[in-house]
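> prediction below, plus the sequence it came from.
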Amino acid sequence: MEQEQHRDIIGIRVTALGWRQALDQLTRGLDEKGPQRIFNFLNANNANLAMRDPVYRQGLSRCEVLPDGVGVDIASRTLHGVSFPANLNGTDFIPALLVHVERPLKVALIGARPEMLAGAAKNFKILTPWHEFHQVSDGFFDKSDSSQVLEKLAALDPDITLVAMGTPQQEIWIDSNIRHGHGRMVFGVGALFDFISGAVPRAPMAVRKLRLEWAWRLIQEPSRLWYRYIVGNPVFLFHVFRYKFSRVNRTSQIPA
């Protein structure tokens with residue numbers, strides 16, 4: 001991204017762009033010839049995973065990372081004194097990007113359960129009928145041999161590839177397997193297909209505007225998400241403050 005800004009969030013380089021700026025720059029990137037670009041998203045839970053999974057963290061270091069959620073905003077204010085210009089979470093940003101790009105695109109979909117994959121492709125087509133959406137594979141193929149999936153991707157040569165396998169599996173799979181010809185732009189999109197298909201309801205808009213969608217999701221799926229939010233959020237804040245103070249200590253030890 002030209003003239004982009006980045007912020008260090010506990011050692012992970014995260015892009016800081018406004019909403020319109022991000023849409024315009026990615027749209028230009030799709031129209032221009034250039035190298036393949038891979039995008040993933042960072043939220044508090046992902047950051048916690050990256051602190052204990054070096055393979056996942058290495059994958060994030062080789063892609064462009066976009067900010068997702070209130071947790072990384074708190075981290076940005078703590079470490080840099082200012083929030084991110086926009087919450088570029090994939091659930092909102094990917095549909096907005098598809099709407100923003102006016103020329104027809106080929107979009108490859110990989111991941112989720114078969115019925116959610118089909119539902120996502122159907123609803124994406126309703127949202128943006130000028131694009132083509134191709135169901136390359138659900139998420140239950142043998143990850144030790146991805147050759148058939150990669151062959152289908154290469155034959156399709158998509159403009160955008162969306163991979164929805166959950167974190168950190170999708171980021172590690174993308175980093176290990178995706179190469180030139182598998183998508184001009186590739187995004188790890190987590191639960192996006194679940195939401196787009198309608199299988200999992202989004203929080204009401206008023207809740208999203210208050211930045212409380214995480215609380216809505218916790219209420220909807222307490223047994224699955226309680227550890228991520230009740231335990232994970234404080235753990236993330238601990239990592240942020242430890243990183244801040246370790247950085248201050250390193251600076252104070254530099255000879256004048």
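Received the coordinates, thanks.

> helices of the chain, residue ranges please.
Listed in chain order, the helices of the chain (DSSP state H) span 19-31, 44-52, 54-61, 70-80, 90-100, 114-127, 147-156, 169-177, 192-197, 205-209, 213-220, 222-226, 232-252.

> now the third one, how far from the chain's geometric center?
Averaging C-alpha coordinates over helix 54-61 and over its chain gives two centres that are 14 Å apart (Cα atoms, centre = their mean, to the nearest Å).

> coming back round to it: which of the helices of the chain sits closest to Val136?
Val136 sits nearest to helix 147-156 of all these, at 5.1 Å, using Cβ to Cβ. Placement of C-beta: from N, CA and C, glycine included.

> list the contacts of that closest one.
106, 108, 110, 134, 136-137, 141, 161, 177, 179, 181-183 (Cβ atoms under 8 Å, 6 or more residues apart in numbering).

> still on that earlier bit, go through the helices of the chain and pick out the most buried.
For the helices of the chain, average neighbour numbers computed from mean count of other Cβ atoms under 10 Å are highest in helix 192-197, which has a mean of 24.

> who touches that one?
90-91, 94-95, 109, 111-112, 115-120, 122-124, 162, 164, 200-202.

> pLDDT averaged over it - what is it?
Helix 192-197 shows a mean pLDDT of 96 in the predicted model.

> please name the nearest non-neighbouring residue to Glu213.
Using Cβ to Cβ, 6 or more residues apart in numbering and skipping the chain neighbours, the partner closest in space to Glu213 is Ala203 (4.4 Å).

> wait, the one you found sits on Leu212?
Yes: look at Ala203 against Leu212 with Cβ atoms under 8 Å: they come within range, at 7.3 Å.

> so what's the spatially most central residue of the chain bridging to?
By Cα atoms, centre = their mean, the chain has its centre lying nearest to Phe41, at 2.9 Å. According to DSSP bridges, the residues that bridge with Phe41 are Leu66.

> quick one: it and Thr91 touch, right?
No: look at Phe41 against Thr91 with Cβ under 8 Å: they stay out of range, at 9.4 Å.

> picking that back up, by neighbours, which of the contacts of helix 147-156 wins?
Within the contacts of helix 147-156, most neighbours by other Cβ atoms under 10 Å means Ile110, with 30 neighbours.

> for Ile196, see how far away that one is.
Going from Ile110 to Ile196 by Cβ to Cβ, to the nearest Å gives 14 Å.

> circling back: using a markdown table, lay out the helices of the chain together with distance to Arg7.
Shown next, in a markdown table, are those (distance: least, Cβ to Cβ, whole Å):
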| stretch | distance to Arg7 |
| --- | --- |
| helix 19-31 | 14 |
| helix 44-52 | 13 |
| helix 54-61 | 14 |
| helix 70-80 | 5 |
| helix 90-100 | 17 |
| helix 114-127 | 31 |
| helix 147-156 | 32 |
| helix 169-177 | 19 |
| helix 192-197 | 24 |
| helix 205-209 | 23 |
| helix 213-220 | 21 |
| helix 222-226 | 27 |
| helix 232-252 | 12 |
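
> which of those sits closest to Asp8?
helix 70-80 (6.9 Å).

> that closest one vs helix 232-252, what angle?
20 degrees (axes from the mean of the first three to the mean of the last three Cα atoms, to 10 degrees).

> okay, the angle between helix 70-80 and helix 213-220?
Going by the same axes, to 10 degrees, helix 70-80 makes 140 degrees with helix 213-220.

> and the contacts of helix 70-80?
Counting by Cβ under 8 Å, 6+ apart, residues outside helix 70-80 touching it are 7-10, 14, 16, 42-45, 47, 67, 82-84, 87, 211, 214, 233, 236-237, 240-241, 243-244, 247.
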